[in-house]
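Q: Below is the sequence, then the predicted model.
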Amino acid sequence: MKATWLIRTGILCGCVGLLYLAAAFCAEPDASEAKDDKSHCVPVATARDRAKLMYDIYAATLDTMHERYFHGDRAIVPAHAMEDIFAEIKRQSKVEARWISVNMKPMSINHEPKTEFEKRAAKEIASGKAEVDIVEDGYYRRVGAIPLGDGCISCHGGLFQQPSKSPKFAGLIISVPVKQDSSQSE
């Protein structure tokens, strides 16, 4: 019973944390928009787009939590449950998301950094950078650091893994399709 409660609490905490990161990502104004004390304000079209994306994220998270969280016999770890949310958001908005391993053994071969950008981002996050971004191949790509606590490390590092002396991270890649013309740059 206690293990089920811990799994459910972990899933809930993981989902809430990722929703917080999504909200921070979606709500952050561009530097060009921060001209006065109303720097939090964005144009209506941007607000509409962000609100739609936030709705989709929250609704997909709610559905996934109900499906995974309230069925103890089928409960899964939060990061794996989030992959279902990633798939639903991609289906709805064409925005892609995926995990990458930064400075620990990947839990899946799908979490290995694949592209040169992903490999560079993993190295920069491992060295302490919070985020790395690029515009390439018709996408704005942002990799954000996901800190791994001792509970995460005990699973990712193995059952008998000792608490880490140095910070450990995973990375969350968000890839948003963009229209790019010759005047745009990274």
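A: That came through fine. Quick caveat, the model's predicted, so the values are computed rather than measured. Numbering: from 1, shown residues only.
Q: residues of the host helix or strand of Val132 that come out buried?
A: Counting by DSSP states H and E, the element that carries Val132 is strand 131-136. Under the neighbour-count criterion of 16 or more other Cβ atoms under 10 Å, strand 131-136 has 132, 134 buried. (Glycine included, C-beta is placed from N, CA and C.)
Q: cool, and stretch 54-67?
A: 54, 56-57, 60-61, 64-65.
Q: same check, this time on stretch 85-95
A: Taking 16+ other Cβ under 10 Å as the basis for neighbour counts, the residues of stretch 85-95 that come out buried are 85-86, 88-89, 95.
Q: can you check stretch 119-132 too?
A: By 16+ other Cβ under 10 Å, the buried positions in stretch 119-132 come out as 121-122, 124-126, 132.
Q: And for it, what's in contact with it?
A: Stretch 119-132 is touched from outside by 100-103, 113, 117, 142-145, 167, 169, 171, 173, with contacts defined as Cβ atoms under 8 Å, 6 or more residues apart in numbering.
Q: Show me which of these is closest to Pro43.
A: Arg142 (20.6 Å; Cβ to Cβ).
Q: and the closest one, what is it in contact with?
A: Taking Cβ under 8 Å, 6+ apart as the definition of contact, the neighbours of Arg142 are 25, 131-133, 173-174, 176.
Q: Ala45 versus the nearest residue to Phe169 once chain neighbours are set aside, what's the distance?
A: The shortest distance from Phe169 to any residue other than its chain neighbours is 4.2 Å, reached at Val102 (Cβ to Cβ, 6 or more residues apart in numbering). According to Cβ to Cβ, to the nearest Å, Val102 stands 35 Å off from Ala45.
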